[in-house]
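Undergrad: model the following, please.
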Amino acid sequence: MTIVESVKTCLTQKYANFEGRAKRSEFWWFWLCCFVLGYIPVVGWIVAIGTLVPNIAVGVRRMHDVNKSGWWLLCPIYNIVLAATEGTQGPNDYGEEPLDTPTGIDQLDK
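TA: Purely as a prediction, here's the structure:
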């Protein structure tokens, strides 16, 4: 998944979707985009407020991909470790494995 696909998915298709799973590329590209835009004066506050719900939602879906509850987002260090961990292969307690895409960070998964 590319950065554009990730942002588009998180802001339009799955804005407040806390169910299902998110691949590493979806989570990390969206996080990077929000992080970079957050440093622009004035725009940073708008981005922070406007992306609060999608950031939590993609974080919960990322925890689901490693077969953990979304509540693990509340553990500051462990949630970063989980977000960087490869997701569960095949279906898990939270649904089917997200579709593989040939571009972006997902190439590192193989």
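Undergrad: by mean pLDDT, point me to the weakest helix or strand of the chain.
TA: helix 43-50 (a mean of 91; mean pLDDT, DSSP states H and E).
Undergrad: packing partners for that one?
TA: In terms of contacts (3 or more Cβ pairs under 8 Å, 6 or more residues apart in numbering; DSSP states H and E), helix 43-50 is packed against helix 24-37. Just so you know, the C-beta spots here come from the backbone N, C-alpha and C atoms, and that holds for glycine as well.
Undergrad: so what does the helix it packs on touch, helix or strand wise?
TA: Counting by 3+ Cβ pairs under 8 Å, 6+ apart, helix 24-37 packs on helix 3-8, helix 43-50, helix 52-65, helix 76-84.
Undergrad: and of those, who's closest to residue 91?
TA: helix 52-65 (11.3 Å; Cβ to Cβ).
Undergrad: okay, buried residues for that closest one please.
TA: 54, 55, 57, 58, 59, 60, 61, 62, 63, 64, 65 (16 or more other Cβ atoms under 10 Å).
Undergrad: repeat for stretch 45-54
TA: Buried residues in stretch 45-54 (16+ other Cβ under 10 Å): 47, 51, 54.
Undergrad: from what I see, the first one and residue 38 are in contact.
TA: This means residue 47. Yes: with contacts counted by Cβ atoms under 8 Å, residue 47 reaches residue 38, the gap being 5.4 Å.
Undergrad: tell me which residues touch residue 18, please.
TA: 56, 57, 60, 61, 70 (Cβ atoms under 8 Å, 6 or more residues apart in numbering).
Undergrad: if we go to 10 Å?
TA: The neighbourhood of residue 18, defined by Cβ atoms under 10 Å, 6 or more residues apart in numbering, consists of 53, 56, 57, 58, 59, 60, 61, 64, 70.
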